[in-house]
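Peer 1: Return a 3D structure for these sequence lines:
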Amino acid sequence: MAQTKTRKQAKAGRERRFKRLPKGPAGGIELLLIQSIEDVGEQGDVVCVKPGYALNYLIPQGLATIATEHHKRMVEKHKAKLLSIQKARLAGLRTLAAELKQQSLTIEANANEEGHLYGSVGAPEIVNALKKAGITIALDQVRLEGPLKELGLYTVKLHVGQDVDSEVKVWVVPAVGEDEA
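Peer 2: Take a look at the predicted model:
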């Protein structure tokens with residue numbers, strides 16, 4: 001015996017299959033972005049998009065989810081946690097920048113009597129000198145306007161991270177030869 005559904009049962013089944021998505025103030029569907037999407041928003045933003053874009057692209061691709069109150073609260077907690085981590089990292093970068101300002105490096109290089117170097121002193125030599133002093137800096141953090149080609153005192157700019165910059169004094173001195181020692 002085949003059972004037939006009444007009109008109420010059929011309507012209830014359709015409503016369960018097609019849940020109403022929350023409408024935003026502009027009339028679109030409110031979604032919470034899981035990943036940053038160009039021309040839509042950044043990760044964690046609540047955006048209002050057209051229903052077709054939400055149902056056919058964003059939700060099936062896993063780029064967004066429905067913006068429920070629970071999801072919004074979770075994102076706010078996560079943002080607060082990330083903000084505190086970023087503040088701690090920034091404080092660490094500032095202490096490193098202060099430590100770098102107090103450093104004075106000495107780099108030995110071969111030079112002639114007039115003070116011109118046979119080679120040049122660049123970022124790799126500065127990074128190695130800082131490493132010997134116990135400070136680890138990446139090669140791309142050294143901001144030289146050009147290679148150092150003469151003996152003397154130079155102030156080299158370092159980009160520590162984010163918006164934190166520092167300077168370090170670099171002495172380029174002649175290498176002590178075996179005959180001079």
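Peer 1: and the gap between the residue positioned nearest the centre of the chain and Gly92?
Peer 2: With distances taken as Cα atoms, centre = their mean, the residue of the chain nearest its centroid is Gln162 (7.9 Å). Distance of Gln162 to Gly92, computed by Cβ to Cβ, to the nearest Å: 11 Å. To be clear about C-beta, it is placed using only N, CA and C from the backbone, and glycine gets the same treatment.
Peer 1: circling back to that earlier point, which ones are touching the residue nearest to the centre of the chain?
Peer 2: Applying Cβ atoms under 8 Å, 6 or more residues apart in numbering, one finds that Gln162 lies in contact with 89-90, 93.
Peer 1: longest single helix anywhere in the chain?
Peer 2: In the chain, taking DSSP state H as the definition, the longest helix is helix 69-101.
Peer 1: what residue ranges in the chain score low on pLDDT?
Peer 2: The chain contains residues with pLDDT under 70 at 1-3, 5, 9-20, 177-181.
Peer 1: Show me it divided up by domain.
Peer 2: For the chain, automatic domain parsing gives the domain ranges 14-74, 97-174.
Peer 1: nearest to Ile85, of these?
Peer 2: Ile85 lies closest, by Cβ to Cβ, to one member of those: domain 97-174, at 12.7 Å.
Peer 1: Please compute how far the closest one lies from its chain's middle.
Peer 2: Relative to the chain's own centre, domain 97-174 is displaced by 25 Å; criterion: Cα atoms, centre = their mean, to the nearest Å.
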